[in-house]
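J.: Test case, fold it:
(2 chains)
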There are 2 protein chains.
Amino acid sequence: MSAGSGHLFVIGLGPGAAEWVTPEATRALAEATDLVGYAPYLQRVPVRPGQTRHASDNREELARARQALALAAAGRKVAVVSGGDPGVFAMAAAVFEALEAGEPSWRGLDVKIIPGITAMQAAAARIGAPLGHDFCVISLSDNLKSWDVIEKRLAAAADADFVLALYNPASKARPRRIHEAFACLRARKPPATPVIFARAIGRPEEEVTVTSLAEADPAIADMATLVIVGSSATRMISGCGPGRPFVYTPRGEGTRQ
Amino acid sequence: MSAGSGHLFVIGLGPGAAEWVTPEATRALAEATDLVGYAPYLQRVPVRPGQTRHASDNREELARARQALALAAAGRKVAVVSGGDPGVFAMAAAVFEALEAGEPSWRGLDVKIIPGITAMQAAAARIGAPLGHDFCVISLSDNLKSWDVIEKRLAAAADADFVLALYNPASKARPRRIHEAFACLRARKPPATPVIFARAIGRPEEEVTVTSLAEADPAIADMATLVIVGSSATRMISGCGPGRPFVYTPRGEGTRQ
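T.: Predicted structure coming up:
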């Protein structure tokens, strides 16, 4: 079989709830001959007879991408299964890194990215509309980039009064990074700025904490947490709903500049 | 009926294609007694007997939000229909603005935001993974904020080497803003920076243009266009697929700082 006959879907399952899996993703999962992915994501996909599963560990994104491309090049219809949106801090970039550095024939494969609801959207929906105006999306993981770059971006985003969505806020290997990020933001944003810690949204262990930049305890963030930090315009509405306020950023924001 | 008996869903339909409408959105649309929204979005929703439609013009977001809240307060089950993700430059923020400024009893309503695929995700998926690393999301509409704030944010995002996703790049009322934005970015980013104009993704008139910051013609952007401007790490892979390169931003990016 030529490489040209293979197909590679890179599929976003969304943050966890089945009701956020798009029809496009469901169809591609049903068509695949092989599923490749981090084991916990594969577990979310219903088992289909005749479909082969290739589960891998976390942190092995590039090896997983290469395996998927090689399978597709062998003529298989391969689904790389990703949480959230594969295009946002997930598997799509790793697949293109592997494709660019890999066998020339891989460029003939039919590669399709299937978007999904990403964590910041699910978190925002649960709490109101904190991403209702200009925002920056930053991964705090310094596995593949220097902390200096991350801190520079945090400072730039804070100084220009963006809302921030922070992915990968902490891990066992680097529990202090989120504290350093909050120190950077506290030096630049008003103490009353709303902060949201949204953990495992759409999964049974879902948990949402609304607080302020002054009072936030960054230690509650883990790898399953998405952190949103408001702009100077982000507001809370109290007296609504089930015990926590709505948080939103108006469309035309007043700004402190 | 008391206000507490009403329900308000704010629903994201995604960028246009039915395969991107989540099961959660489909279910909420089926449960609603009343649909409220900008007419072209309402047209995307299959007609159901017994469901009342309240179509409104563009630019009437706050009036539409108030109408939806008043209907919900009268005991109706109201779906505010939004394109993309209602939480990203769409109806959710307007609903919370109206809720906060409106009748105190509105705070007792059951308000639920239902996320959707937003334009930048659909655009990114079509072209590769340009949002694979830190990015900023900016609306170029100066209807409700000053151009100074927008320009300051563009400059900050460029100087900190973020990828940029630009919403609302142009309209008949302000055709020059996208040119001013490009002038700001050209003064700060390398000429070879990849630029993507993604128009009407997921709809029949879909069109994607890949170019560079030096060669881009901002005049091709209209209100249906989402513009992505790469970071210094964003790369093109040529020789793949149907006549245009893949564009992606690696996970661990080299940076010019």
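J.: For chain A, which segments count as helices?
T.: Along chain A, counting by DSSP state H, helices occupy A:23-31, A:39-42, A:61-73, A:91-101, A:119-127, A:147-159, A:177-186.
J.: how about those helices, which one is nearest B:S56?
T.: Nearest to B:S56, of all those, is helix A:119-127, at 22.7 Å by C-beta to C-beta. C-betas here are computed from N, CA, C, even on glycine.
J.: ok, back up a step: so can I have CSV of the helices of chain A showing distance to chain B?
T.: Listed next are those as CSV, based on distance: least, C-beta to the nearest C-beta, whole Å:
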stretch, distance to chain B
helix A:23-31, 4
helix A:39-42, 17
helix A:61-73, 7
helix A:91-101, 3
helix A:119-127, 4
helix A:147-159, 4
helix A:177-186, 13
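J.: looking at those helices, which is buried most?
T.: Greatest average neighbour count among these goes to helix A:119-127 (a mean of 27), per mean count of other C-beta atoms under 10 Å in any protein chain shown.
J.: need the contact list for A:A155.
T.: A:184, A:188, B:160 (C-beta atoms under 8 Å, 6 or more residues apart in numbering or on different chains).
J.: Burial check on the closest residue to chain B within the stretch 101-250 of chain A, number of neighbours?
T.: Taking C-beta to the nearest C-beta, chain B has its nearest neighbour within the stretch 101-250 of chain A at A:L144, 2.3 Å off. By other C-beta atoms under 10 Å in any protein chain shown, the residues close to A:L144 number 12.
J.: And A:E215, by the same measure?
T.: As a measure of burial, A:E215 has 9 neighbours, counting by other C-beta under 10 Å.
J.: What parts of the stretch 151-257 of chain A come near chain B?
T.: Residues of the stretch 151-257 of chain A lying close to chain B by C-beta under 8 Å from any C-beta of the partner chain are A:152-153, A:155-157, A:159-162, A:235, A:237, A:239-241, A:246, A:248-253, A:255, A:257.
J.: Quick one: buried ones out of these?
T.: Neighbour counting by 16 or more other C-beta atoms under 10 Å in any protein chain shown classes A:152-153, A:155-157, A:160-162, A:235, A:237, A:240-241, A:246, A:248-253, A:255 among these as buried.
J.: In strands only, show me these.
T.: Per DSSP state E, strands hold the following members of these: A:235, A:237, A:246, A:248.
J.: Looking at these, which one is closest to A:G12?
T.: A:Y248 (25.3 Å).
J.: residue contacts, the closest one?
T.: A:128-130, A:132, A:234-235, A:237, B:92-93, B:96-97.
J.: And the residues you listed, which is closest to A:V21?
T.: When these are compared for distance to A:V21 (C-beta to C-beta), B:A92 wins out at 21.4 Å.
J.: Just give the nearest non-adjacent residue to the closest one, would you?
T.: Sequence neighbours aside, A:A129 is the residue nearest to B:A92 in space, at 3.7 Å (criterion: C-beta to C-beta, 6 or more residues apart in numbering or on different chains).
J.: so that neighbour touches B:I113, yeah?
T.: Yes. Using C-beta atoms under 8 Å, A:A129 makes contact with B:I113 at a distance of 6.7 Å.
J.: Could you pull out the residues contacting both of these two?
T.: Taking C-beta under 8 Å, 6+ apart as the contact rule, A:A129 and B:I113 both touch B:86-87, B:92.
J.: Kindly reformat the residues you listed as TSV containing pLDDT.
T.: Listed next are these as TSV, based on pLDDT from 0 to 100:
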residue	pLDDT
B:P86	98
B:G87	98
B:A92	98
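J.: With respect to A:N58, which of the contacts of A:Y248 is nearest?
T.: The closest of the contacts of A:Y248 to A:N58 turns out to be A:P130 (C-beta to C-beta; 27.9 Å).
J.: List the contacts of that closest one.
T.: Residues in contact with A:P130 (C-beta under 8 Å, 6+ apart) are A:124, A:163, A:194, A:196, A:228, A:230, A:234, A:247-249, B:87.
J.: try 7 Å
T.: Contacts were defined as C-beta atoms under 7 Å, 6 or more residues apart in numbering or on different chains; by that measure A:P130 touches A:124, A:163, A:196, A:228, A:230, A:234, A:247-249.
J.: how close does it sit to B:G243?
T.: Computed as C-beta to C-beta, to the nearest Å, the A:P130 to B:G243 distance reads 40 Å.
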